[in-house]
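# next comes the sequence, and after it the predicted model I'd like to discuss.
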Amino acid sequence: MDMKQIYFTAIFIACLFSFLFSNAQDLEWIEPAPTGTGNATVAVYAESILLNGVTVTESGALLGVFYENNQGQLACAGYVELDESYIAGQAVAIAVWGEDAGEDNGIGAGETMMFYLNINGIDYASITIDLTDPMSGETLDPTFVTNGLFGLNQGDFGEPAIELDPCSCVDGTIGNTSFGDYCILPSGYEYCTDPTSDNYCNMDGYDPAEILNGVNNCIYGAVEGCTCPAADNYDPDATTDNDTCYMMEGCSNSLASNYSLTGCEQVTIVEENCLVPGCTCPEAVNFDSTATENDGSCVSLISICTDPTASNFNEGCENTNIVGAEENCDSGGCEVENTVWDYSITDANMTIQVGADVVLLNGDSPPIGSLLGVFFTNNNNELSCAGYGAWTGDQLAIAAWGEESGFDNGFQAGSEITWLLYVGNQTFSANSITMNSSGPFSDTFVANGFGQLLSASFECEVVGVWGCTDNTAFNYDPDATLDDGSCYSLNWDFTLTDCNMTILINAPEIDSGEISLNGESIPNGAVLGVFYENAQGQLVCGGASEPWQNTSTAVAAWGEESGFDNGFQAGSEINTWFLLIGDQVIPMDENGATMNSIGFSDTYSCNGFGNLLAVNFEGEYTLTYGCTESEACNYDQTAILDDESCYYGQLWYQDSDGDGLGNPDVSTLSCNEISGFVTNSDDPCPNNTDNPNNSIIWYYDGDGDGLGETSSNGEPIYTVSGCTPPGDEFTDILGDPCPDDFNNSDEDDDGICDVTDDCVGEYDAIGVCNGDCQTDDDDDGICDDEDSCIGIDTDDDGICDDDEIPGCNDPSACNYNPDATDEVTCTYVNLIFYPCQICEDGIILENDEDNDGTCDNDEISGCQDEIACNYNPSATDDGTCLYVDGVCESCV
């Protein structure tokens, strides 16, 4: 080999090594969206994560599970931050999301979960992973199972310590090649002749001029790792390859279309998956047994069937060219292999109605969840999906998508419609199909048209496991491939029936740990529920506790009502309990529940009493407190249990006219203040900027002074209702003091408008407008300077009452007073009836004291007794009589 050949060989090897170090994948730590398939949960226990054998003690690291997607790239299936709570000793959990059918959005069932650790932006692959079943403690493989539960006891990350062979040009070991007198290194390779350096290379016997491509640059403290950019564990920071490179899936066959090791050496491939193009039809003359994908080159000289939907389809012979023979396919439906159920949504479709009872599989309705799809024959003579619907047992409307211009992605106008049924993991073609061809329906494709499937019969052997295939259901069976309609979820609602049994849960059992969660106290806010089995074999809640407070409580277990399957039956066991934390249902451990049978009943009895002695709920859960009401302003979607901190939004009303009052008809609920909105709904006229007072009654204002006129009774003389001002002659203020005066003048401020005031000014003391009388103390309308009586003159005779002389003014009267000014009653002598009356000093005297008809001055006093000694026959006024005693005396 001459010098030129050696030089070009060196250049080639240098370029090759340069390529090896040029490509790598940086992991993207993006939280995946939840999928319909569901997730597995990996509980990460405290102090379980190590980096090169040292426990991770600083928060902020990311721990995740990755899988290889359809592009051969590692994608995140879920991760968790090792936050302060983890560092403080609490467990955290990773939700590992599974792949939906036909999607590349998660890890597939049975795939290996690849664990990675990210610290300070550097990704570390797992060296060892120790997974167990948290329920049983059994060791588990890192294989994804939907709804699976894994406990990560310990995971060590980093790069395993591997002692590397030294670089040497003497014996042609790792990383270099010797050609004759030359040592050829990768382009730019940094080497050092110091045996103590990290990049020492044995160059004994070589002059520097004989060392090609390398750079003599001693490195101390180099980073060892995988330096192959295509490897799953490629380390861009590694400066020295330590032979740890691996690929979870790849191809080492350089003839394959997906050869993985271009530019890489010493890479371990865990699962070989090579795609080798060629003829895959065994009956073809050019059959290639090493081919894994049909490249359309097969040629058959014998009759075979190339239709994948036919029952006698020759496996691997689709798209085979038959020469000198004929296609030989049996009619009738059966299982179709290698069918892809993905379809494209294009710019037009045909809606096809499918009745609830027109599709039969072996004479019965297909299993719930089966897919009924429409297929077209593409340009490669293969069936391609153009739309499907999931079978629900009810009628369907399936959109059959049409071909877009220039694309082979849907039905062409007038093309036939092929119906396939997907059950479990099998695809069936129909034995018979009937579509409605009468208008407005069509049995061939019409863009934006309508179709109707009248009948579809599929006859084929169904292979699979019947059970609940809904991974969100309580009784989900991960082994089931065919849904038997048995799926259900635990419902914590219960029926209040006509009778119940009180089950006591006492503090001593709680305090002693007999009633617990994972052997520890049950967190406050959790709920205990007791369940019974209904007639369908499903567990139904028969009663639940109030939110748990770690103190004595009771559960009312409700009994079955007559004729209803809505509670416990008499005598049935009360031994099925569940714990609810947020929306996380946690079952009992394998020991179940223990009910007290002494003094209590351990089976259901109406109005009876029970006593729960022991139960340990076992399972992983996440516990955070906060507001769990989604309508609340402070809703915390991460909160599991409600801490009664919720507060709710204010109702805001639009204030379009800016008057501070809200429109009751335009409102919105918001936790924050909204510009142009207020918190009241008091605006009667929300849209009138020309009505700042929000008036709804307008008053007539004839003089235009802005004040409405009223009648004599105070009522408005005329009004108009509405939010819009009716005109300039109306106002929203009532009470015009001077309806005919724009200026409302009242010069003398007497409350009387000047236009109607009899006196614009002041009245004097006697009521004369602007008069000069200063005083009228007695208010008699006579000015004091002209008044003869300034005081009270009751009789208005010009003489004040205090100066009046009462008396009789008649001179003929007995009591006549010539000085009298105030007439009083006059008295007169009545000699006709009283002949003795006399007038003396104005007083009438009767003058007949003894009232004997003889005036007092005419009376004769004497004895009027005739037998008296001094009898006087002329006497009128009886006097003293004298009598003799009849013995010695005698009348003389």
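Good, I have the coordinates.

# dump the residue contacts of Cys487.
Listed by CB atoms under 8 Å, 6 or more residues apart in numbering, the contact set of Cys487 reads 468-470, 473, 475-476. From N, CA and C alone the C-beta is placed, and that goes for glycine too.

# and Asn312, how many residues sit next to it?
When counting by other CB atoms under 10 Å, one arrives at 13 neighbours for Asn312.

# I misspoke; the intended subject was Met113.
Counted with other CB under 10 Å, residues neighbouring Met113 total 25.

# how near is it to Thr41?
Taking CB to CB, to the nearest Å as the criterion, Met113 is separated from Thr41 by 12 Å.

# quick one: Ile219 and Thr239 touch, right?
Yes. Using CB atoms under 8 Å, Ile219 is in contact with Thr239, at 6.6 Å.

# Phe411 touches Asn378, doesn't it?
No. With contact defined as CB under 8 Å, Phe411 does not count as touching Asn378 (10.3 Å).

# higher neighbour count, those two?
More crowded of Phe411 and Asn378, by other CB under 10 Å: Phe411, with 27 against 14.

# could you find the closest non-adjacent residue to the more buried one?
Phe445 (3.8 Å; CB to CB, 6 or more residues apart in numbering).

# where does that neighbour fall, phi/psi-wise?
According to degrees, to the nearest 10, the main-chain angles of Phe445 amount to phi -70, psi 130.

# list the contacts for it?
Contacts of Phe445 by CB under 8 Å, 6+ apart are 350, 376, 400, 402, 411-417.

# the strands in the stretch 1-150 of the chain, which residues?
Ranges of strands in the stretch 1-150 of the chain, per DSSP state E, counting those that start in this stretch, are 39-44, 49-51, 54-55, 61-68, 74-82, 92-97, 114-119, 122-132, 139-140, 149-157.

# mean neighbour count and mean pLDDT for those strands - can I get that in CSV?
Converted to CSV, the strands of the stretch 1-150 of the chain look like this (neighbours: other CB atoms under 10 Å; pLDDT from 0 to 100):
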stretch, mean neighbour count, mean pLDDT
strand 39-44, 23, 87
strand 49-51, 20, 93
strand 54-55, 10, 91
strand 61-68, 23, 94
strand 74-82, 21, 94
strand 92-97, 22, 89
strand 114-119, 21, 94
strand 122-132, 18, 91
strand 139-140, 14, 92
strand 149-157, 20, 91
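
# which of the contacts of Phe445 are buried? Put it as a ChimeraX command.
Typed into ChimeraX, the line below selects the buried ones among these, using 16 or more other CB atoms under 10 Å:
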select :350,376,400,402,411,417
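
# what's the closest of the contacts of Phe445 to Cys633?
Proximity to Cys633 was ranked across these by CB to CB; first place goes to Ala400, at 46.6 Å.

# for that closest one, list each beta-bridge partner.
With DSSP bridges as the criterion, Ala400 is bridged to Met350.

# just the pLDDT for it.
Residue-level confidence at Ala400 comes out at 96, pLDDT.

# swap in Pro186?
At Pro186 the predicted local confidence, pLDDT, stands at 62.

# could you do Ala820 as well?
84.

# which residues are in contact with it?
Listed by CB under 8 Å, 6+ apart, the contact partners of Ala820 are 805-809.

# which among those residues end up buried?
The buried subset of these (16+ other CB under 10 Å) comprises 807-808.

# per-residue pLDDT, Asp443?
In this model, Asp443 carries a pLDDT of 94.

# my understanding was that it contacts Leu453; is that so?
No. If you go by CB under 8 Å, Asp443 and Leu453 don't touch, sitting 9.4 Å apart.

# what do those two both touch?
435-436.

# just the CA atoms of stretch 488-507, as PDB, please.
Coordinates of each C-alpha in stretch 488-507 appear next as PDB, following Å, rounded to 0.1, in the frame of the first residue of the first chain:
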ATOM      1  CA  TYR A 488     -69.100  -1.300  35.700                       C
ATOM      2  CA  SER A 489     -67.600   1.200  38.100                       C
ATOM      3  CA  LEU A 490     -68.000   1.500  41.800                       C
ATOM      4  CA  ASN A 491     -70.700   4.100  42.400                       C
ATOM      5  CA  TRP A 492     -70.600   5.700  45.900                       C
ATOM      6  CA  ASP A 493     -74.200   6.900  45.700                       C
ATOM      7  CA  PHE A 494     -76.600   4.900  47.800                       C
ATOM      8  CA  THR A 495     -80.400   4.600  48.200                       C
ATOM      9  CA  LEU A 496     -82.100   5.700  51.400                       C
ATOM     10  CA  THR A 497     -84.600   2.900  51.800                       C
ATOM     11  CA  ASP A 498     -87.200   2.100  54.500                       C
ATOM     12  CA  CYS A 499     -84.800   0.500  56.900                       C
ATOM     13  CA  ASN A 500     -81.200   0.600  57.900                       C
ATOM     14  CA  MET A 501     -78.600  -1.000  60.200                       C
ATOM     15  CA  THR A 502     -76.300   1.200  62.300                       C
ATOM     16  CA  ILE A 503     -72.600   0.100  62.100                       C
ATOM     17  CA  LEU A 504     -70.500   1.600  64.800                       C
ATOM     18  CA  ILE A 505     -66.800   2.500  64.100                       C
ATOM     19  CA  ASN A 506     -65.300   3.200  67.500                       C
ATOM     20  CA  ALA A 507     -62.300   5.300  68.600                       C
END
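
# give me the mean pLDDT for it.
Rounded mean pLDDT across stretch 488-507 is 94.

# how far out from the middle of the chain is it?
Centroid separation for stretch 488-507 versus its chain: 28 Å, with CA atoms, centre = their mean, to the nearest Å.

# what do you get for stretch 512-521?
When C-alpha coordinates are averaged (CA atoms, centre = their mean), stretch 512-521 and its chain have centres 33 Å apart.

# overlap in contacts, Met113 and Thr41.
Listed contacts common to Met113 and Thr41 are Val96; contacts here mean CB under 8 Å, 6+ apart.

# coming back round to it: okay, the strands of the stretch 1-150 of the chain in a markdown table with distance to Asp822 next?
Conversion of the strands of the stretch 1-150 of the chain to a markdown table gives the following (distance: least, CB to CB, whole Å):
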| stretch | distance to Asp822 |
| --- | --- |
| strand 39-44 | 122 |
| strand 49-51 | 128 |
| strand 54-55 | 129 |
| strand 61-68 | 123 |
| strand 74-82 | 118 |
| strand 92-97 | 119 |
| strand 114-119 | 126 |
| strand 122-132 | 131 |
| strand 139-140 | 134 |
| strand 149-157 | 125 |
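
# sweet, I'm off.
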